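> next come a sequence and a model predicted from it.
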Amino acid sequence: MDKFKNDSLQYHINGKTATQITKPCKTQEELSMAYSPGVAYPCLEIAENPALAYKYTNKGNTVAVISNGTAVLGLGDIGGLAGKPVMEGKAVLFKSFANVDAVDVILNITDIDAIVDTCVAISDTYGGINLEDIKAPECFEIERKLQERINIPVMHDDQHGTAIITSAGLLNALELADKKIEDIKIVVIGAGAAGIASAKMYQNLGAKNIVMLDSKGVIHNKRTDLNKYKQEFAIETEDRSITDALKNADMMLGLSQGDTVSQDMIKNMAPNAIIFACANPVPEINPNKVEEVRPDIIVGTGRSDYPNQVNNVLGFPFIFRGALDSGAKKITENMKMAAAKALAALAKEPVPYYVKAAYNDPDLTYGRKHIIPTPFSREALIWVSSAVAHAAFEDGVTDMKVCDVEGYREKLRTMIYIDPQENPSVKDL
């Protein structure tokens with residue numbers, strides 16, 4: 001661990017991102033076009049038609065990763081500056097997995113309206129805004145108010161990324177367990193942004209029996225200390241603890257702290273249950289401990305050293321890629337659901353050779369140990385981005401008159417398999 005710590009600190013020296021120009025500036029003529037006097041021409045074009053900013057600037061391929069550092073990873077409220085390495089990391093993942101340029105924007109403010117006003121003020125620079133590591137319940141209001149005031153897609157990834165990825169895994173796990181979502185008991189441990197968003201998405205999929213817990217225990221209808229977001233999940237029940245809630249549960253989503261669930265607790269879960277223990281770096285219960293007492297349970301974690309990694313990198317780069325390329329003005333519930341279903345479907349496809357090589361598993365295939373694609377699957381860009389773009393078209397949140405899904409899929413395939421150094425903007429769907 002000490003070596004990994006030292007290696008990680010060395011890796012971060014001078015940060016993880018930098019500016020890269022996309023046009024040459026080595027001659028007098030190129031200089032005159034890059035700046036004065038040639039730069040005046042696109043300025044005048046944009047002044048006459050603001051939509052041309054997507055053609056003549058980097059707006060259409062740039063996302064702002066905005067945070068005030070009030071809920072960073074498993075580190076909590078450490079402030080925006082301390083959280084900056086995480087935001088730079090998001091930018092690295094945007095570029096590495098979907099060729100989207102991203103810039104981290106750190107805000108030293110916590111007031112909801114001040115954050116929204118600031119984001120609105122800078123929004124013309126970007127094609128989308130990824131809110132990150134902002135604590136609940138403030139994050140809900142910030143996302144809602146911001147999307148009402150600007151015409152570019154906004155997504156708080158801690159909420160929706162987690163909901164999308166866990167929904168994809170849940171769909172396939174239920175199929176493998178031969179269960180229907182409307183019949184199962186779901187226990188969500190953690191009532192923050194991710195827990196609430198995930199529970200809502202499960203409801204949209206048909207879930208009817210959800211028990212949610214926060215740091216004080218089960219959220220039930222006799223509690224008087226609940227904010228309006230938790231109140232939506234207050235149920236009539238005698239369950240008060242994790243032990244109570246997990247009795248006969250078919251699915252557990254852990255978004256809390258490591259080692260909070262014991263082997264004795266999971267012994268009482270329903271047959272062929274599902275556990276997504278997503279606390280990082282230590283899950284709520286180690287998969288090996290689950291295997292020891294309940295080999296029938298399908299397990300996923302947030303870690304890359306166990307099967308079924310529930311990782312948001314499978315979502316946000318590709319969701320924004322599809323949203324940017326379709327010219328979406330917002331990210332709708334239908335777009336999020338399309339992303340989840342696309343990931344679930346992709347997991348059933350033959351696993352590419354390079355993914356098998358990355359995991360040193362030549363027999364890797366869809367099943368209990370592979371219910372969602374891995375972060376190394378290049379196909380996720382094609383499947384998820386195209387599904388999101390098509391959903392945006394269906395929802396009427398773009399100016400597209402026609403959506404050529406197959407043509408777009410081929411352009412995405414060209415990006416990742418033929419010449420990824422090409423201009424990343426993929427227009428004319």
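Thanks, I have the structure now. Numbers count the residues shown, from 1 in each chain.
> domains of this structure?
16-158, 161-301, 312-417 (automatic domain parsing).
> how long is the first one from one end to the other?
Its first and final residues considered, domain 16-158 spans 21 Å by Cα to Cα, to the nearest Å.
> so what's the gap between it and the chain middle?
Centroid separation for domain 16-158 versus its chain: 16 Å, with Cα atoms, centre = their mean, to the nearest Å.
> next: the last one.
Relative to the mean C-alpha coordinate of its chain, domain 312-417 is positioned 12 Å out (Cα atoms, centre = their mean).
> ok, which of the domains of the chain comes nearest residue 3?
Nearest to residue 3 among the domains of the chain is domain 161-301 (15.5 Å), distances taken as Cβ to Cβ. In short, each C-beta sits where N, CA and C put it, glycine included.
> now the closest one: mean pLDDT?
The predicted model assigns domain 161-301 a mean pLDDT of 96.
> dump the domains of the chain to a markdown table, plus mean neighbour count and distance to residue 9.
Conversion of the domains of the chain to a markdown table gives the following (neighbours: other Cβ atoms under 10 Å; distance: least, Cβ to Cβ, whole Å):
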| stretch | mean neighbour count | distance to residue 9 |
| --- | --- | --- |
| domain 16-158 | 17 | 10 |
| domain 161-301 | 19 | 16 |
| domain 312-417 | 20 | 22 |
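> okay, these in TSV with distance to residue 4 next?
Output for the domains of the chain, formatted as TSV (distance: least, Cβ to Cβ, whole Å):
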stretch	distance to residue 4
domain 16-158	15
domain 161-301	11
domain 312-417	19
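> tell me which of those domains sits nearest to residue 7.
domain 16-158 (14.0 Å).
> picking that back up, right, so of the domains of the chain, which gets closest to residue 10?
Nearest of the domains of the chain to residue 10, taken as Cβ to Cβ: domain 16-158 at 12.2 Å.
> dump the residue contacts of the residue nearest to residue 248 when sequence neighbours are not counted.
Nearest non-adjacent residue to residue 248, counting by Cβ to Cβ, 6 or more residues apart in numbering: residue 270, 5.2 Å away. Residue 270 is in contact with 184-185, 248-250, counting by Cβ atoms under 8 Å, 6 or more residues apart in numbering.
> one more time with 10 Å, if that's ok
177, 179, 184-185, 246-251, 296-297 (Cβ atoms under 10 Å, 6 or more residues apart in numbering).
> same question for residue 305.
Neighbour list for residue 305: residue 287 [criterion: Cβ under 10 Å, 6+ apart].
> ditto for residue 156
66, 129-134, 136, 139-140, 142-144, 146-147, 193-194, 197.
> C-alpha coordinates for the helix or strand containing residue 33, PDB please?
Assigned by DSSP states H and E, residue 33 belongs to helix 28-34. C-alpha atoms of helix 28-34 as PDB (Å, rounded to 0.1, in the frame of the first residue of the first chain):
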ATOM      1  CA  GLN A  28       2.700  34.000 -40.300                       C
ATOM      2  CA  GLU A  29      -0.400  33.000 -42.200                       C
ATOM      3  CA  GLU A  30      -1.400  30.500 -39.500                       C
ATOM      4  CA  LEU A  31      -0.900  33.100 -36.800                       C
ATOM      5  CA  SER A  32      -3.000  35.600 -38.700                       C
ATOM      6  CA  MET A  33      -5.800  33.100 -38.900                       C
ATOM      7  CA  ALA A  34      -5.500  31.900 -35.300                       C
END
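> after that helix, next one along is what?
Next element after helix 28-34 (DSSP H and E): helix 40-48.
> so which elements touch that following helix?
helix 53-56 (3 or more Cβ pairs under 10 Å, 6 or more residues apart in numbering; DSSP states H and E).
> by contact count, what packs against the helix it packs on?
helix 40-48.
> all the strands of the stretch 1-150 of the chain, residue numbers only.
Using DSSP state E, counting those that start in this stretch, the strands of the stretch 1-150 of the chain run over 62-67, 101-106, 128-131.
> let's have these in JSON lines, adding mean pLDDT.
What follows is the strands of the stretch 1-150 of the chain, written out as JSON lines (pLDDT from 0 to 100):
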{"stretch": "strand 62-67", "mean pLDDT": "98"}
{"stretch": "strand 101-106", "mean pLDDT": "97"}
{"stretch": "strand 128-131", "mean pLDDT": "98"}
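> right, and those strands - which one's nearest residue 112?
Among those, strand 128-131 sits nearest to residue 112 (Cβ to Cβ), with 11.9 Å.
> please enumerate the helices of the stretch 201-350 of the chain.
Taking DSSP state H, counting those that start in this stretch to define them, one finds helices in the stretch 201-350 of the chain at 228-231, 242-246, 263-267, 287-293, 316-326, 333-347.
> could you check the angle the fifth one makes with strand 62-67?
Spelled out, it's helix 316-326. Angle of helix 316-326 versus strand 62-67, following axes from the mean of the first three to the mean of the last three Cα atoms, to 10 degrees, is 140 degrees.
> who is the residue nearest to residue 203 when sequence neighbours are not counted paired with across the strands?
Nearest in space to residue 203, with sequence neighbours left out and distances taken as Cβ to Cβ, 6+ apart, is residue 210 at 7.1 Å. Per DSSP bridges, the residues bridged to residue 210 are residue 186.
> so for the protein, the centremost residue is which one?
residue 161 (2.5 Å; Cα atoms, centre = their mean).
> assign that one to helix, strand or coil.
helix (DSSP: H, G, I helix; E, B strand; the rest coil).
> and what of the one 5 residues further on?
At residue 166 the chain is in helix, as set by three-state DSSP.
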